[in-house]
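Participant: Can you look at this prediction? I've put the sequence above it.
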Amino acid sequence: MSSTMMMERTGLGMPGMGMPGMGASTVGTPPVATPTSSYLMVPRCTIKFEKCQGGMKILCSCDDQMACSMMQNLCSMLQGGMYSCCTLMNGMTVCSCNFTLGLCRCEMTDKGICITYTSGDSKCSEMIQACCDCLSCMVQDGCTCCVMMNNTPVACGCSETAAATAKPAGKR
């Protein structure tokens with residue numbers, strides 16, 4: 001399926017944040033894992049960040065209906081927990097934002113999801129909008145963004161501008 005990405009689950013963990021379904025291992029007993037147990041399929045989408053009254057909106061849209069349904073189902077199952085975004089360049093984390101300053105709401109759209117992150121406090125709203133500027137700049141300039149709920153990736157992709165300027169594989 002070309003509308004999904006394979007991601008290593010262990011590489012997305014934030015320091016101090018536990019991964020769902022992964023407990024601390026006892027000293028002396030290494031964790032046992034099959035070669036593919038730490039990977040999962042994540043819907044590939046176009047991500048757009050917008051400022052709004054009191055915060056920001058994250059718009060994730062998919063052209064592929066199956067990827068869109070998968071993303072919407074993941075969001076429905078994981079709603080109510082911590083939301084975060086992680087931007088990556090060449091597989092390395094460049095920026096990571098945990099959405100802890102306000103209220104997050106996830107709504108379904110016809111082509112994906114819209115996450116609204118707002119606060120009633122003016123200083124928190126300023127910080128949220130600064131995160132919006134940062135994340136928007138990162139994806140516009142070529143970073144891949146991974147949107148997570150409860151540290152589980154629900155969408156991964158880049159901006160429309162970055163996708164349009166990327167050269168197709170094999171072409172020079």
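Facilitator: Thanks, I have it.
Participant: C-alpha from now on. contacts and neighbour counts both.
Facilitator: Noted.
Participant: Distance-wise, check T93 relative to M56.
Facilitator: In this structure, T93 and M56 are 22 Å apart, going by CA to CA, to the nearest Å.
Participant: Between those two, point out the one with more neighbours.
Facilitator: M56 (24 against 15; other CA atoms under 10 Å).
Participant: Where does pLDDT dip in the chain?
Facilitator: 1-40, 161-172 (pLDDT under 70).
Participant: Now with 50, please.
Facilitator: 1, 9-11, 13-30, 32-34, 36, 172 (pLDDT under 50).
Participant: Now do the strands in this protein.
Facilitator: Taking DSSP state E, the strands of the chain run over residues 4-8, 39-52, 55-61, 83-89, 92-98, 103-109, 112-118, 144-149, 152-158.
Participant: what's the neighbour count on T118?
Facilitator: 24.
Participant: wait, isn't it in contact with G55?
Facilitator: Yes. With contact defined as CA atoms under 8 Å, T118 reaches G55; the gap is 4.2 Å.
Participant: which residues do the two both contact?
Facilitator: S125, I128 (CA atoms under 8 Å, 6 or more residues apart in numbering).
Participant: Roughly how far does C60 sit from C124?
Facilitator: Relative to C124, and taking CA to CA, C60 is found at 23 Å.
Participant: Which one's more surrounded, these two?
Facilitator: Per other CA under 10 Å, whichever of C60 and C124 has more neighbours is C60, with 28 against 17.
Participant: Apart from its chain neighbours, what residue comes closest to the more buried one?
Facilitator: Spatial nearest neighbour of C60, chain neighbours left out: I47 (4.6 Å); criterion: CA to CA, 6 or more residues apart in numbering.
Participant: wait, isn't that neighbour in contact with V147?
Facilitator: No. The pair I47 / V147 is not scored as a contact, 9.0 Å apart, by CA under 8 Å.
Participant: Overlap in contacts, those two.
Facilitator: With CA under 8 Å, 6+ apart as the test, I47 and V147 both reach C156.
Participant: Next, the buried residues of stretch 43-51.
Facilitator: The neighbour-count check on stretch 43-51 (16 or more other CA atoms under 10 Å) flags P43, R44, C45, T46, I47, K48, F49, K51 as buried.
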